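Participant: only the shape, not the letters, is given here:
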């Protein structure tokens, strides 16, 4: 049986309410290292995985012995969404356990001036979203657009991308990513 290391790490990280950045800082690795592992684009050595898990903290044995259950829950109250963002960007995920799932849905809130960082994101899959309020600048590869209420985006996630709130009020977006690699 093959273990989905990336989703398992994401599951453990989100259960401990850590962002990718917070875990990277604790473990002494780059954000992109955590992102690449969680998107199954790279497999860490045992030593590197142990160092990352020490940042949670959870031991290797407990990490591999963990048997998360696939949630059968169909409905969620607003207060039940799982916060996986930090700081000026809120990523509220539907469900806390994405193991065994093929879709990730987020309710995103960007405070004025916030962005996903100077290093563009890139991961496996596809993603799309629709702007509910505010204005957000979306960069995908060499393209850049400012989207407003009702505007949408959809692209292959391996294309480098970035999001930046350019409005004076918070920007709200509902997005989906398949497979759940963010």
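Facilitator: Alright, I've got the coordinates. From a predicted model like this one, the values you see are computed outputs, not experimental measurements.
Participant: now do the helix ranked longest in the chain, average pLDDT.
Facilitator: The single longest helix within the chain, with elements called by DSSP state H, is helix 5-15. Here helix 5-15 scores 84 as its mean pLDDT.
Participant: go on, stretch 37-45?
Facilitator: 83.
Participant: what do you get for stretch 128-145?
Facilitator: Stretch 128-145 comes out at a mean pLDDT of 98.
Participant: same thing with stretch 105-121?
Facilitator: 93.
Participant: and what of stretch 164-171?
Facilitator: pLDDT averaged over stretch 164-171 gives 98.
Participant: buried ones in it, by neighbour count?
Facilitator: 164, 165, 166, 167, 170, 171 (16 or more other Cβ atoms under 10 Å). Where C-beta positions appear, they are placed from N, C-alpha and C, glycine not excepted.
Participant: what's the most distant pair in those?
Facilitator: Spanning the widest gap among the buried residues of stretch 164-171 are 164 and 170, at 12.9 Å by Cβ to Cβ.
Participant: touching both of the two, which residues are there?
Facilitator: residue 110 (Cβ atoms under 8 Å, 6 or more residues apart in numbering).
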